[in-house]
Each structure stands twice: as structure tokens, then as C-alpha cells.
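Trainee: Got a predicted model here, sequence first, then my questions.
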Amino acid sequence: METEENIFTEVAVVEDQGVISTRSIKRTSRGIVKRVGVPFCDHCGRRLESRFSICADCGKKLDETCTVQYASRILSPDCAVNRLGLRILEIKVLVGYAIGLNLQEIEQYFHIRWVDAVSVSKHLENLNLLRAKFPAFIRGYEISELGASASSVCIRLLQVLDQLPVGIFVEFEPLPKDMPQFGGERFG
Ligand SMILES: [Zn+2]
């Protein structure tokens, strides 16, 4: 004789953030339910394949297109931004200079308001990430050595966040072993 107890149901559910995959079997009034957690990238939501990473800071699951390497750690984009201590706007301006754009071009390509591009440039100069080309009000800024060392992680971040302007293609250089941290007051 068949009873409801014999009904076996398998339910696939989106796995929680930071959890790779769990399985559980429950006996309910409607029968036996097997719950299978399916892992998705906690950043972009794509289903994870066999190769994926875990953010060293927050533990988010990440597919390969959503990882940022920083100081030999694999991080989520959010954690990489936190570690850098820079805002997205600041990262955009820094990348602009790193790939050889001037202030006008940064405004144009990154769709940044002129006043913001100017004030962010000054801020980045204070952090020694940019250097003023004397006289700064005529010639603007250029990337410093420190800024150049931060640029590859910043470019990768914009790429992951889909914020790199269309038409700008950047070759990746190997990441330096020890990435400096910036704007320490915002981190730790
Ligand atoms: Zn992803």
C-alpha cells in the first residue's frame, strides 16, 4: 500500500551566501524531501562551475570573472575596494591617469563631472598616487610610482564591476607581491 510517506521530492535551492553546498533530507508531512543547495556566485549570481574562489576577507563564493587579486589574496570586489580604501570614483580617475588619459579625457570617457575629476585628482595627489605636472592648473597630473603600483588592481576592479569605459582595453601586468594600502583611515 502506498502512503504519502513514500513520496520522495528533490528540491534545489539557491545556497546561502558564503555556503558552498549543503544537502539535507527531511521527513515532512508530504513525504521525504531532499534539499540540495546549488551554489551561485555571491557577486554576479551566475551558477558556479567546478572552479571557483572564496573571498579571503568575507568568505563570499566567487566565480573566476568576479575575483580581484590583492596582496596575494583573492578578494571579492567589495573587499578589494575596502582594502584599497578608495572610492569607485577615485579608482576611475586613478585608472584614467594610469592608462595615459588627461583630465579632459577622464571626464569624457568615464563620464565624471569636471569638478569631481578635479577634486578627486587633488585628493589622489595628497595620497601620493598622482603627481602634479608643474604648473598643475595648466598641465594637470600624471600617475606616480605608487599610483602605478596600485593601477593593475584598480583596472581589474573596474573590469569586474563593468565600469571600464567601452573601447578601453588594458593589458594586465603581473601584480606586485605586496600591494600598498591606501586611505588607511577607512580600513583598520
Ligand atoms: Zn561572479
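Mentor: Done, it's in.
Trainee: What's the mean pLDDT across the helix or strand harbouring Lys122?
Mentor: With secondary structure defined by DSSP states H and E, Lys122 is part of helix 114-126. Average pLDDT, helix 114-126: 95.
Trainee: for it, packing partners?
Mentor: helix 88-98, helix 103-109, strand 130-132, strand 141-143 (3 or more Cβ pairs under 8 Å, 6 or more residues apart in numbering; DSSP states H and E). Where C-beta positions appear, they are placed from N, C-alpha and C, glycine not excepted.
Trainee: helices and strands around the third one, which ones?
Mentor: The criterion is 3+ Cβ pairs under 8 Å, 6+ apart, and the helices and strands that strand 130-132 contacts are helix 114-126, strand 141-143.
Trainee: low-scoring stretches of this structure, by residue?
Mentor: 1-6, 135-138, 169-188 (pLDDT under 70).
Trainee: Please name the residues that touch the residue nearest the centre of it.
Mentor: Most central in the chain under Cα atoms, centre = their mean is Pro77, positioned 1.8 Å from the mean C-alpha point. Residues near Pro77 by Cβ atoms under 8 Å, 6 or more residues apart in numbering: 43, 66, 68, 157, 160-161.
Trainee: Quick check: it vs the ion, distance?
Mentor: 9 Å (Cβ to the ion, to the nearest Å).
Trainee: Identify the residue spatially nearest to that residue, adjacent ones excluded.
Mentor: Val160 (4.9 Å; Cβ to Cβ, 6 or more residues apart in numbering).
Trainee: thinking again about what came up before, need the winner for burial among the helices and strands packed on strand 130-132.
Mentor: Greatest average neighbour count among those goes to strand 141-143 (a mean of 20), per mean count of other Cβ atoms under 10 Å.
Trainee: Cheers, nothing more for now.
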